[in-house]
Structure formats: C-alpha cells, structure tokens
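Novice: below are the sequence and a predicted model for it; my questions follow.
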Amino acid sequence: QVQLVESGGGLVQAGGSLRLSCAASGRTFSSAAMGWFRQAPGKEREFVAAISWSGGSTYYADSVKGRFTISRDTAKNTVYLQMNSLKPEDTAVYYCAAEPSGSYYSPYEYDYWGQGTQVTVSS
C-alpha cells in the first residue's frame, strides 16, 4: 500500500522556520515529481511548491518564493519543504502529493496524497 506521511508541522511565531518532511512508502517515487499544497480553513487547496523527478527543477507559488525551499532525497524516498520567514497567512494544513499526470500546479493532477500536517504561525 502506497503511503505518504508528512511530519514537521507545528506552532511557530512569525518570522520563524519549520521544515516539513514527507516520507513515501510502498513504492519508490524516484521517477515522479512531487509537490506540496496547503489548505486554510474555508479556502481551496492551493499549490505551494513542486520538484521534478530529478530534483533539477523546482517550482513555487509567488506567495512563498524566496522563503520556502523544496528538496528531495531519492535514496530516502522523502521530500522536504524548508519554510523560512513564516507569516500568519502561511497558517494551513500542508499536504504532500506525488506523481502528477499533468500540471504540477493543479491538485487534481496528483495521484497520491498524504494526510496533512498542521502549520500555525502566530503574529
């Protein structure tokens, strides 16, 4: 059974940092792109970042560009999201996703999802 398990969420003050991890099991995603999305209460799930299968290309939402960094460790079948200079508006449940069949930016294109991890940024 394929599973994506996120960890690393929590409560942090504005300006602080968190590092999210997403560990995959059940199969390898070494040849698949992976992404991070987030969903705040009452809002739609939105794209945060994505990384190509090789790790050579990364993509970011404008709202996080320059503050967040996505990376992957293929040997560990894990993808990371380093979040710096966090803002209250970054508060959301963050989801890891794998293997988009189309656009990296659309949540509808991803075949696999984690259960999410809560990130709360206090002002």
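Specialist: Here it is on my side, so go on.

Novice: can we go C-alpha only for contacts and neighbour counts from here?
Specialist: Fine.

Novice: how about the contacts made by the residue lying closest to S101 once chain neighbours are set aside?
Specialist: In this structure, S101 finds its nearest non-sequential neighbour in E109, 5.3 Å apart by CA to CA, 6 or more residues apart in numbering. Counting by CA atoms under 8 Å, 6 or more residues apart in numbering, E109 makes contact with P100, S101, G102, S103.

Novice: number of residues surrounding the last one?
Specialist: Neighbouring residues of S103 were enumerated by other CA atoms under 10 Å; the total is 10.

Novice: can you tell me the centre-most residue of the chain?
Specialist: With distances taken as CA atoms, centre = their mean, W36 lies nearest the centre of the chain, 2.3 Å away.

Novice: specify the beta-bridge partners of that residue.
Specialist: Taking DSSP bridges as the rule, W36 bridges to A49, C96.

Novice: still on that earlier bit, which of the contacts of E109 count as buried?
Specialist: P100 (16 or more other CA atoms under 10 Å).

Novice: please tabulate the contacts of E109 in CSV and include pLDDT and distance to G55 as additional columns.
Specialist: Listed next are those as CSV, based on pLDDT from 0 to 100; distance: CA to CA, whole Å:
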residue, pLDDT, distance to G55
P100, 92, 15
S101, 93, 17
G102, 90, 17
S103, 93, 16
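
Novice: can I get the contacts of E109 in a markdown table including secondary structure?
Specialist: Below are these laid out as a markdown table (DSSP: H, G, I helix; E, B strand; the rest coil):
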| residue | secondary structure |
| --- | --- |
| P100 | strand |
| S101 | coil |
| G102 | coil |
| S103 | coil |
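
Novice: reformat the contacts of E109 as a markdown table; add distance to T78.
Specialist: Converted to a markdown table, the contacts of E109 look like this (distance: CA to CA, whole Å):
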| residue | distance to T78 |
| --- | --- |
| P100 | 16 |
| S101 | 19 |
| G102 | 21 |
| S103 | 21 |
